[in-house]
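Colleague: When you get a sec, could you give me coordinates for this:
(2 chains)
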Amino acid sequence: AQRVTQPEKLLSVFKGAPVELKCNYSYSGSPELFWYVQYSRQRLQLLLRHISRESIKGFTADLNKGETSFHLKKPFAQEEDSAMYYCALRWSGGYNKLIFGAGTRLAVHP
Amino acid sequence: NAGVTQTPKFQVLKTGQSMTLQCAQDMNHNSMYWYRQDPGMGLRLIYYSASEGTTDKGEVPNGYNVSRLNKREFSLRLESAAPSQTSVYFCASSEDPGSSGYTFGSGTRLTVV
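Modeller: Residues are numbered from 1 along each chain as shown, chains lettered A, B, ... in the order given. Predicted structure coming up:
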C-alpha cells in the first residue's frame, strides 16, 4: 500500500542551523513526490516537486529510490521558515491523488 | 485570480445538524478534492472528482457526501454531523494528468459540539 511517513512531529532549530525534514515513502510504482508548506493561518502551498529538481527559498530535496526517501534540506534556517511541512506522494494509479504524510512542524528560534 | 475559494471559513454545528461546505475554483482545473486535516494525521482524502460529473471515495468518506455541480464547484455535505468530524477541511484542485501539484483553498474550520 502507498504510504508517506514523516517521523518527526516537531523539529526545533536555531536560526542559521541546518535543517533536514525527513520523509520516507512506500510505493510499488514510479514515485512522484512533493513538499507542501503551510505557514501560520495560511493555506497549503506547493514548495517543491522532485521532477523539477528546483531550489525554492533555499530548500532542496532529492529523491533517493534506494532508501525510498525524499528529505527536505536547507543549509541555514531562517525564522520565516517556521511552518508545517507536508511530504506528499502522487499516486499515478488514482487520478492524480496525493497521499500526505502526517506533517512536521519546523520551529526556528532566534 | 482567486484560485480556490472555500466558504464558510468557520462553522460550529450541534451534533446531528447538517451543512454543506462550498468550494469553487477559477483555474479551469478538471480534478477537485476534499481533505480533512487533523493533528498528527496530516491530510486525509475524503472524496475526489476526476472530472465534471464524476466523484469517487477517498480514504475517509463515511459521513460525507459530495456534489460536483459543474467544472468550477465541488461541495461537501455533512448530513448528520458528529464530534468526530471536528476538523479543518481543505478543498483543492489540479490539472489532470500532470505533475503541477494541487492548489488549495484556505480551509474551513468546523467544530461539532
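
Colleague: Beyond the worst-scoring helix or strand of chain A on mean pLDDT, next helix or strand please.
Modeller: Of all the helices and strands that make up chain A, the one with the lowest confidence by mean pLDDT, DSSP states H and E is strand A:97-100; it has a mean of 87. Going down the chain from strand A:97-100, the next helix or strand is strand A:104-109, by DSSP states H and E.

Colleague: Pull out the buried residues from that following strand.
Modeller: Residues of strand A:104-109 classed as buried by neighbour count (16 or more other Cβ atoms under 10 Å in any protein chain shown): A:104-106, A:108. C-beta coordinates here come from the backbone N, C-alpha and C atoms, glycine included.

Colleague: Tell me where chain B has strands.
Modeller: Using DSSP state E, the strands of chain B run over B:4-7, B:10-13, B:19-25, B:31-38, B:42-49, B:56-57, B:64-68, B:74-78, B:87-94, B:103-104, B:108-112.

Colleague: same question, chain A
Modeller: A:3-5, A:10-14, A:19-21, A:24-26, A:32-38, A:45-49, A:60-61, A:72-74, A:83-91, A:97-100, A:104-109.

Colleague: Out of those, which is closest to residue B:85?
Modeller: Across those, residue B:85 has its closest neighbour in strand A:97-100 (18.7 Å, Cβ to Cβ).

Colleague: Skipping adjacent residues, who's closest to residue A:26 in space?
Modeller: Take residue A:26 and drop its neighbours on the chain: the residue closest to it by Cβ to Cβ, 6 or more residues apart in numbering or on different chains is residue A:3, 4.6 Å away.

Colleague: Which residues are in contact with the one you found?
Modeller: A:25-27, A:99 (Cβ atoms under 8 Å, 6 or more residues apart in numbering or on different chains).

Colleague: who wins for neighbours among those?
Modeller: residue A:99 (23 neighbours; other Cβ atoms under 10 Å in any protein chain shown).

Colleague: Show the contacting residues for it.
Modeller: Residues in contact with residue A:99 (Cβ under 8 Å, 6+ apart) are A:2-4, A:88-89, A:91, B:45.
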